[in-house]
Every structure is written in C-alpha cells, then in structure tokens.
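Engineer: I would like to see how this sequence folds:
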Amino acid sequence: MTKNKRYNKSDLRWITITTLLLAIGVILRIISPNVGGISLNWNIVMYATAILLCRPSLRQGFGIGMVSGIIATMTSKAALPYANLISDPVAALVCALLAGSHILDFKLGRLRLEPVIIIFITTFISGGIFVTLTKIVLSLPMSLYLYAMLPAVLLVAALGSIAGQLLYLPAAKIFNDDNIADRAPFILHDIDLTIPKNSFFVITGVNGSGKTTLLLSMAGVRPSYFGGFENSSINIDGFDIINDDPALLNRKFGVVMADYEAQLVTETVNDEIAFSLENIGMDPLDIIKKRDDVLKKTGLEKMGSRKISSLSGGQKQRLVIAAVLAMDTPVLVLDEPVAAVDPEGAKEIYELLYRLNKDDGKTIIVAEHDLKYVLDMQAQMAVIDKSYLKISGEKDKCFKYMYENKVYPEVIPLRWKIRWEMGQGIC
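Structural biologist: Okay, the predicted model is just below:
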C-alpha cells in the first residue's frame, strides 16, 4: 500500500466532502442537548472525519480548521468565542499531520481504530487550547481550570471520539472512500501492443478493465489515479506511448470520448468546427476550407448553420469526429463511439470510421463493447481484463480466446458463436 498518497491539490473533492460534513456538524451542534453544560462538539467530529476521509495536505487541513473556527465563533455561546479561531486551525493541522502519516492506523481485528484515536486527540487539542485561552484572558481560577474545564474537555473528547468512530464507516461507504488514500494507484500490466499506421484496431473488455485509461494514455492524458504501466511496451503509428512527451501525443492523437456531448462547446455546427482552429491561429480562409472539407467527410455538409441542440445523437457524434478531424491528427481514438447511438446511427458511425481509415489513411482505435459492428471489418483486436492484456491480433483469434477462456464472452457476436460451434460439430 502507498502510505503517503494524498489527494491531488487540484482535486476539489476534499472541499465538497468537508463542506457537507461541516454543514451537518453545525446542524447537529445546534440541536444537540446540553447536559450539565457539556455537549458534543460536532464541528470537530465532522472536520476530523473529513480529514480522515480525504487525507488533505497540511495547508488544506489548516484551511479546514480556519473555516470550522469561523463557524464556531459565529455559533458559540462561550465567554470567549474568538478563541475558536486559534484552537480549531491548530487542531485541524495536527489532525491532517496524523492522518497523513498513518502512524495511528491501528486495527483491532477488522475494526480500524485510527478514527477514534485521531478524533480524540483533535478534540482534546482544540478544547484544551480553547479553555486555556479562556482561563488566561478571563483570569479564571486555576482550580476551576484544572478540576472543571480540563475534565470537561476530556469528556467531550471521549464522547466525540466514540461518535466519530461510529460515523466514520458509513461516511466512508457513502463517499466510496474506505481508506481510499491508502489504495494503490491503478496500473496497467503487460500491455505489449504494436499498432501500425493505417490500422483499424478494436480494444474490448469489461467496464473497469482499463480501456479508457489506456486510450487517454495514448493521447497523452494521464488520469490522476493512474499509476502507470508495468512490463509494457506500446507503439502506435510510430509513437512510443509510454516514453514520448505527452504534449506530442496530445497533438498527434485526436480523442472522441464516450460522453461526446461534453466535447461540444458552441451553438452551431460551423462554430464548433471553427472553434479549435481559431484557437491555434489558423487563417480565416483556411478555416472555412477545412470546415467544409471535414463536414463533407462526415456527412454534415448541409448542416453548417444548424444549432447543435437540434441534431440527433448520431449527428452530434459525427460532429465531434469532424471537429477532431479538423485538427489533422494522424490517429483517431474513440471511446465507445456508438454507446449512446441507435443501431442505424451506429452503423453509419462505423461506416464513417472505416472510410476515414481506408480513404484518408487515419489510424483508428476504438474501445468497444458492441462488437457486431466490427465483425465484418478488416480490423485487429485486443482484449483487456483486470488491467492485463490477455490477447491481441486477428479478430477470430481473439474471439476464440474469449470464447474458450470465458473472458467477457457475452460480447462475442452471436453470428461468430454459431459459426464456431457449427465448425466444431457442436450444432
């Protein structure tokens, strides 16, 4: 396990989790009963839980404490509410340090004791600083401080640690974060692929097997959760995917994502094609020429003035392909290009991709589940399962491997299964 892994500083998920838990903490603090002048400090319980879930940096942890301190100052009925502006940031900083170091990550059987220990320490530090500042500023008697205020802090810390321990497990499940900071990064293993220029190549595998990660890596986009390649060598159209500069790959590989609508950013078809070309400083006359060319290739030549919102799913898909083609990348990478398209539209998309491959010499790489559309094409295949490349090569060889080894056999086209079984004398 990677014990020192942190959330990426650009990852705003920690803000979402902390904000939600602090809001819940404020509500619980308001409605919680006060017994003998003592009540749970839900603010501390919640921000400590958020820190345990997200493992933020020390700077982020201090920021969480500042926010909690401001909230506590505004809602506190104590004699010195502004002490929260010191006690909470310091305690949150210590909490982030302890959570990040994992030095208190003990287990009792299957029960993790880290939440109860860290929340107790965090609450005691915050409460201890708060009552100490109160005692000093208000010149309270030492006996009151030693025999009433500090024991109350210990009691609140103990109750808070128990509450935090009970809340941590459901919170981790809700946020899909049961020790996510300790989880090893996703790695692709044994991906030995060579895809020559002008190839039509299909990658298949169950959801979560690594197809999209592989495609993004081809285009020089490495997801933050991706730990890299192990025992792998990937050469596509002469580019070394593992070792080449990602900026170079980004210029040479055009990507169409599964959620293709997210790639549409303008109002009309013409504007969509012109958008990326304007960004690279192309001359206006050249933009018009390029736009007309790619719209004709994708069958959208009469739709330039149409609003994108009026297009069908298949037409939007072709528009995204046209926008990528306008950038003149030698390789076109598509992630499940027909997942959200009707059968007729899906057939048209694959006919378009096949023409781009044969007529324009584009290297086409698709990640696909619905393999019936490529059954009659001259295409190579690769099968990925649980982040490992199982087999690559001719379609029939890959289908046979999937069929005999029960590797994602449900996507093998029925026509191929029947033909194989008849050929083996099974039918």
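
Engineer: CA atoms only for stretch 345-360 - export them in CSV, please.
Structural biologist: Provided in CSV are the C-alpha atoms of stretch 345-360 (Å, rounded to 0.1, in the frame of the first residue of the first chain):
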residue,chain,number,x,y,z
GLY,A,345,-26.7,5.7,-36.4
ALA,A,346,-24.2,3.2,-35.0
LYS,A,347,-23.8,1.5,-38.4
GLU,A,348,-23.3,4.9,-40.0
ILE,A,349,-20.6,5.9,-37.5
TYR,A,350,-18.6,2.7,-38.2
GLU,A,351,-19.0,3.1,-41.9
LEU,A,352,-17.6,6.7,-41.5
LEU,A,353,-14.7,5.4,-39.4
TYR,A,354,-13.9,2.7,-41.9
ARG,A,355,-13.9,5.2,-44.8
LEU,A,356,-11.6,7.5,-42.8
ASN,A,357,-9.3,4.5,-42.3
LYS,A,358,-9.3,3.3,-45.8
ASP,A,359,-9.6,6.5,-47.8
ASP,A,360,-7.8,9.0,-45.6
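
Engineer: In that stretch, which residues are buried?
Structural biologist: Buried residues in stretch 345-360, counted by 16 or more other CB atoms under 10 Å: 345, 346, 348, 349, 350, 352, 353, 354, 356, 357. Every residue, glycine included, has its C-beta placed from N, CA and C.

Engineer: Among the residues you listed, name the ones in helices.
Structural biologist: Counting by DSSP state H, those place 345, 346, 348, 349, 350, 352, 353, 354, 356, 357 in helices.

Engineer: can you put these in TSV and add pLDDT and distance to residue 363?
Structural biologist: Below are those laid out as TSV (pLDDT from 0 to 100; distance: CB to CB, whole Å):
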residue	pLDDT	distance to residue 363
345	85	23
346	88	21
348	90	21
349	91	17
350	92	16
352	93	15
353	94	11
354	93	13
356	94	10
357	94	8
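
Engineer: Report the two of the residues you listed separated the most.
Structural biologist: Using CB to CB, the two most remote members of these are 345 and 357, lying 18.8 Å apart.

Engineer: What residues does residue 58 make contact with?
Structural biologist: Counting by CB atoms under 8 Å, 6 or more residues apart in numbering, residue 58 touches 93, 96, 97, 100.

Engineer: can you give me the helices for the stretch 101-250 of the chain?
Structural biologist: Under the criterion DSSP state H, counting those that start in this stretch, the stretch 101-250 of the chain contains helices at 114-138, 142-144, 150-174, 211-218, 246-252.

Engineer: Run the chain-centre distance for the second one.
Structural biologist: Taking CA atoms, centre = their mean, to the nearest Å, one finds the center of helix 142-144 at 53 Å from the center of the full chain.
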